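Take this sequence and fold it.
(one chain, ligands or ions: 2)
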Amino acid sequence: MKLKFCSLYSGSSGNCQYIKSQNATIIVDAGLSGKRIQGEIANIGEDPNKIDAIFITHEHVDHIQGAGIMSRRLNIPIYANEKTWEAMSPCIGNIKSHNIKILDDCTQIGDLTIKPFDISHDAAHPVGFNIFYKNKKISLVTDTGRANGTIITSIADSDLLLVESNHDEDMVIIGPYPWPLKRRVLGEYGHMSNEAAGRLIAEVIRKGTEIVLLGHLSRENNFPELAYKTVESILVENSIDVNPGVCLDLTYRDRASKVYEI
Ligand SMILES: [Zn+2]
Ligand SMILES: [Zn+2]
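Numbering: from 1, shown residues only. Ligands and ions are numbered 1, 2, ... in the order given. This is a model prediction of the structure:
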């Protein structure tokens with residue numbers, strides 16, 4: 001069986017990425033109500049009651065909102081690093097002790113191998129994830145103000161890549177946010193711009209990379225078409241063919257992406 005990936009939701013109103021292999025199903029983040037996440041899993045034709053683990057990138061509400069309720073309702077373990085557990089514990093309610101899992105450098109869930117890597121964001125200990133299945137590799141990196149060396153090394157040679165393309169810098173500068181929030185979004189521990197996403201993707205992509213998805217798009221400071229066109233033009237400038245060539249696509253704040261199989 002191939003590895004299935006679907007971005008159920010991506011953006012500041014909630015994040016949840018769905019990954020299914022032959023004998024394991026995980027979600028990365030659960031940043032909407034359990035009802036909406038389970039509903040969207042059913043919408044893509046999968047079993048919403050069959051989730052083996054929830055992995056958490058960081059404690060911001062758009063990544064954890066439904067984690068507690070889903071863990072309690074479906075008896076699912078939650079994996080997060082120690083600092084993230086400390087920060088999110090007051091927000092997600094009581095979790096049964098056997099479902100509190102401290103994230104290791106390498107976690108095995110059935111035939112999936114999950115490895116976290118550090119990112120640059122204003123949270124306790126935020127991470128991105130690599131997910132390995134047979135010879136395939138998925139990398140997820142959103143909520144990072146900068147693409148540091150760790151990120152570049154970690155996400156290189158992925159078969160499917162989800163990269164944050166949060167905002168257009170000019171739209172942030174002239175947009176409605178108060179200045180401290182603008183500074184946060186644009187800063188080292190904020191979010192990645194369309195241009196930064198394009199440059200990062202151009203740097204890490206290789207011939208075998210099948211699918212590149214843009215995620216965590218801002219509603220106020222971006223347009224889907226602008227994110228797509230900005231990244232596409234940077235890839236083309238770097239002699240990377242797109243559609244046909246690498247499959248560049250968007251994820252959505254309020255609905256699921258396509259279901260990809262690699
Ligand atoms: Zn976020
Ligand atoms: Zn965040």
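
Every contact and neighbour count from this point should use C-alpha atoms.
OK.

and the residue in the chain sticking out farthest from the centre, backbone torsions?
Residue farthest from the centre of the chain, counting by Cα atoms, centre = their mean, is Ile174 at 27.1 Å. Per-residue torsions, Ile174: phi -90, psi 0 (degrees, to the nearest 10).

and the end-to-end length of stretch 2-12?
Terminal residues of stretch 2-12 are spaced 30 Å apart (Cα to Cα, to the nearest Å).

thinking again about what came up before, how near is the residue farthest from the centre of the chain to Leu213?
Counting by Cα to Cα - Ile174 and Leu213 are separated by 27 Å.

again, but for Tyr228
As judged by Cα to Cα, Tyr228 and Leu213 stand 9 Å apart.

can you check Leu140 too?
The gap separating Leu140 from Leu213 is 9 Å, by Cα to Cα.

Common neighbours of these two, please.
Residues touching both Leu140 and Leu213 (Cα atoms under 8 Å, 6 or more residues apart in numbering): Leu161, Leu162, Val163.

Can you give me the neighbour number for the closest residue to Val127 other than its chain neighbours?
Leaving aside its chain neighbours, Val127 sits nearest to Asp118 (4.6 Å; criterion: Cα to Cα, 6 or more residues apart in numbering). Using other Cα atoms under 10 Å, Asp118 has 17 neighbouring residues.

Go ahead and confirm Asp118 touches Thr150.
Yes: applying Cα atoms under 8 Å, one finds Asp118 in contact with Thr150, separated by 6.9 Å.

just to revisit the earlier point, looking at Leu140 and Leu213 now, which is surrounded by more residues?
Neighbour comparison, Leu140 and Leu213: the larger count goes to Leu140, with 24 against 19 (by other Cα under 10 Å).

which element is that one on?
Using DSSP states H and E, Leu140 falls within strand 136-141.

Which helix or strand lies directly C-terminal to that strand?
Under the assignment DSSP H and E, the closest C-terminal helix or strand after strand 136-141 is helix 149-155.

How far does the next helix-or-strand element following that next one sit from its chain's centre?
Per DSSP H and E, helix 149-155 leads on to strand 160-164 as the next helix or strand towards the C-terminus. Here strand 160-164 is found 7 Å from its chain centre; the criterion is Cα atoms, centre = their mean, to the nearest Å.

In terms of secondary structure, what does strand 160-164 contact?
Judged by 3 or more Cα pairs under 8 Å, 6 or more residues apart in numbering; DSSP states H and E, the packing partners of strand 160-164 are strand 136-141, helix 194-204, strand 211-215.

again, only using 10 Å
Here strand 160-164 touches strand 127-133, strand 136-141, helix 149-155, helix 194-204, strand 211-215, strand 247-250, going by 3 or more Cα pairs under 10 Å, 6 or more residues apart in numbering; DSSP states H and E.

mind putting those in TSV, distance to Pro77 included?
TSV is the format used below for the helices and strands packed on strand 160-164 (distance: least, Cα to Cα, whole Å):
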stretch	distance to Pro77
strand 127-133	17
strand 136-141	20
helix 149-155	25
helix 194-204	32
strand 211-215	25
strand 247-250	29
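
now these as TSV including distance to Leu3 and mean pLDDT?
Below are those laid out as TSV (distance: least, Cα to Cα, whole Å; pLDDT from 0 to 100):
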stretch	distance to Leu3	mean pLDDT
strand 127-133	7	98
strand 136-141	8	98
helix 149-155	17	95
helix 194-204	21	96
strand 211-215	13	98
strand 247-250	16	98
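
what's the closest of these to Gln65?
With Cα to Cα as the measure, strand 127-133 is the member of these nearest Gln65 (17.3 Å).

just the angle between the closest one and strand 136-141, please?
Using axes from the mean of the first three to the mean of the last three Cα atoms, to 10 degrees, the direction of strand 127-133 lies 170 degrees away from that of strand 136-141.
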